[in-house]
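1. Provided below are the primary sequence and the corresponding predicted coordinates.
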Amino acid sequence: METLILKEDGDRPTAVGMDTCVGKEYVEFPKPLKLVGKVENYLADVIDTMKKSLNLIAAKSVHTVKQIEKSDWIK
């Protein structure tokens, strides 16, 4: 991850996604994450959210690959 995308939401920001440091990929979080409490705690929550987001994307991809031609999926 290169950049954590934040949305200003009242007194504390909300993390809504991340940009990668390789290429130009944006990963949207399935559920926005309110950044509250100590930085050590909410950064652990950010890491968990990142992992869950990528796992969901991978699961959708596996499901999709079963429904379309391999050459179309690769593109």
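-> Sure thing, it's come through. Worth saying up front: this structure is predicted, and the values here are computed from it rather than measured. Numbering: from 1, shown residues only.

2. what number of residues lie near residue 34?
-> Other residues near residue 34 number 15, with proximity taken as other Cβ atoms under 10 Å. Glycine gets a C-beta too; all of them are placed from N, C-alpha and C.

3. quick check: it touching residue 14?
-> Yes. With contact defined as Cβ atoms under 8 Å, residue 34 reaches residue 14; the gap is 5.1 Å.

4. joint contacts of the two?
-> Residues touching both residue 34 and residue 14 by Cβ atoms under 8 Å, 6 or more residues apart in numbering: none at all.

5. which residues are contacting stretch 45-55?
-> Outside stretch 45-55, the residues within contact range by Cβ under 8 Å, 6+ apart are 1, 4, 15, 18, 27, 28, 29, 30, 31, 33, 35.

6. please redo it, this time with the cut-off set to 10 Å
-> Defining contact as Cβ atoms under 10 Å, 6 or more residues apart in numbering, one finds that stretch 45-55 is touched by 1, 4, 15, 17-18, 27-37, 39, 42.

7. and it, what's buried?
-> Residues of stretch 45-55 classed as buried under the neighbour-count rule (16 or more other Cβ atoms under 10 Å) are 46, 49, 50, 53.

8. any idea how far it is from the chain center?
-> 6 Å (Cα atoms, centre = their mean, to the nearest Å).

9. for it, C-alpha coordinates in CSV please.
-> What follows is stretch 45-55, C-alpha atoms only, in CSV (Å, rounded to 0.1, in the frame of the first residue of the first chain):
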residue,chain,number,x,y,z
ASP,A,45,-7.8,-2.4,12.2
VAL,A,46,-6.6,-1.0,8.9
ILE,A,47,-4.3,-4.0,8.3
ASP,A,48,-7.2,-6.3,9.0
THR,A,49,-9.5,-4.4,6.7
MET,A,50,-6.8,-4.5,3.9
LYS,A,51,-6.5,-8.3,4.3
LYS,A,52,-10.3,-8.8,4.3
SER,A,53,-10.7,-6.6,1.2
LEU,A,54,-8.1,-8.5,-0.8
ASN,A,55,-9.6,-11.8,0.4
